[in-house]
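Participant: below are the sequence and a predicted model for it; my questions follow.
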Amino acid sequence: MNRRPALAAAILVLAAGLAVRAFTDGAFAKYAGVALYAALIYTLVVLVAPRIRPLVAAGIALAFCWAVEFAQLSPVPAALSERSTVARLVLGSTFNKPDLLWYAVGIAVTAAAHSGVQKIRPRDR
């Protein structure tokens, strides 16, 4: 079980997400950030379970992202986000219906890349 590729991917996706938010603005920054957040969750799932199939990892990542988004319908994430920058980055604060789509987009792109890498690279045993 080699976790290095998943760790490297997680670091790259995190850096890309922070860069998008720091150097762009408007709708692009918002939705690219959401898609990259979802891609990060996907890479973390693969980091925890490196032999996971892309479709299973995608399902787990999407379920997590959607759970976080729907939790924003309650006051809890907003209250935690007021107290902590980390909570704001992880949980957000306000429900936004289009985010549900952009999570799926980020995960689909990441799962496709993961699947492609698996096809060209022999699995570590």
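Facilitator: Great, that's in hand.

Participant: host element of the residue nearest the centre of the chain?
Facilitator: The centroid of the chain falls nearest to residue 38 when counting by Cα atoms, centre = their mean (2.1 Å). Here residue 38, judged by DSSP states H and E, is contained in helix 26-48.

Participant: that helix - contacts with which helices or strands?
Facilitator: Secondary-structure packing of helix 26-48 (3 or more Cβ pairs under 8 Å, 6 or more residues apart in numbering; DSSP states H and E): helix 4-23, helix 54-71, helix 97-120. Backbone N, C-alpha and C define where each C-beta goes, glycine included.

Participant: who touches that helix?
Facilitator: 3, 6-7, 9-10, 13-14, 16-17, 20-21, 24, 52, 57-58, 60-62, 64-65, 98-99, 102-107, 109-111, 114 (Cβ atoms under 8 Å, 6 or more residues apart in numbering).

Participant: who's in contact with the nearest residue to the residue nearest to the centre of the chain once chain neighbours are set aside?
Facilitator: Once flanking residues are discounted, residue 38 sits nearest to residue 106: 3.5 Å by Cβ to Cβ, 6 or more residues apart in numbering. Applying Cβ under 8 Å, 6+ apart, one finds that residue 106 lies in contact with 34, 35, 36, 37, 38, 39, 42.

Participant: try residue 95
Facilitator: Counted by Cβ under 8 Å, 6+ apart, residue 95 has contacts 69, 70, 72, 73.

Participant: what's the neighbour count on the second one?
Facilitator: It stands for residue 70. When neighbours are counted by other Cβ atoms under 10 Å, residue 70 registers 11.

Participant: any idea how far it is from residue 84?
Facilitator: As judged by Cβ to Cβ, to the nearest Å, residue 70 and residue 84 stand 20 Å apart.
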